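> coordinates only, sequence not included:
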């Protein structure tokens, strides 16, 4: 039996690997939020269970949160480096 590959601890990664790891996590959040926005769009267009205002607020909130998350990436890196 071979051993399963284990991801190294965050501090043991190179700086580029740390940046890529955080960037990948942000992209996962973007993907999940895009899926949720698509669900809200379907709920508005097809099912008409949410209002147009709610849909617009969802888009503004998710897009703004993703922009803030991307801008805070250097701070997230520092916090993760100091926590280990």
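Okay, I see it. These numbers come from a predicted model, not from an experiment.

> use CA for all of it now, contacts and neighbours both
Noted.

> Can you give me the neighbour number for residue 11?
For residue 11, the count of nearby residues is 13 (other CA atoms under 10 Å).

> how much space is there between it and residue 79?
11 Å (CA to CA, to the nearest Å).

> just checking, what packs against the helix or strand containing residue 22?
Assigned by DSSP states H and E, residue 22 belongs to helix 15-42. Contacts defined by 3 or more CA pairs under 8 Å, 6 or more residues apart in numbering; DSSP states H and E place helix 15-42 against helix 52-71, helix 73-83.

> With distance to residue 39 added, can I get the ones you listed in TSV?
Putting the helices and strands packed on helix 15-42 into TSV (distance: least, CA to CA, whole Å) gives the following:
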stretch	distance to residue 39
helix 52-71	10
helix 73-83	27
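
> what's near enough to touch the one residue sitting closest to the centre of the chain?
Most central residue of the chain, judged by C-alpha distance to the mean C-alpha position with CA atoms, centre = their mean, is residue 29 at 2.0 Å. Counting by CA atoms under 8 Å, 6 or more residues apart in numbering, residue 29 makes contact with nothing.

> Apply 10 Å and report the result again.
23, 35, 62, 66, 69 (CA atoms under 10 Å, 6 or more residues apart in numbering).

> Separate out the buried members of the residues you listed.
Neighbour counting by 16 or more other CA atoms under 10 Å classes 23, 62, 66, 69 among the contacts of residue 29 as buried.

> Check these for the minimum pLDDT and say which it is.
Of all the buried ones among the contacts of residue 29, residue 66 carries the smallest pLDDT score, 82.

> My guess is it contacts residue 33. True?
Yes: using CA atoms under 10 Å, residue 66 is in contact with residue 33, at 8.8 Å.
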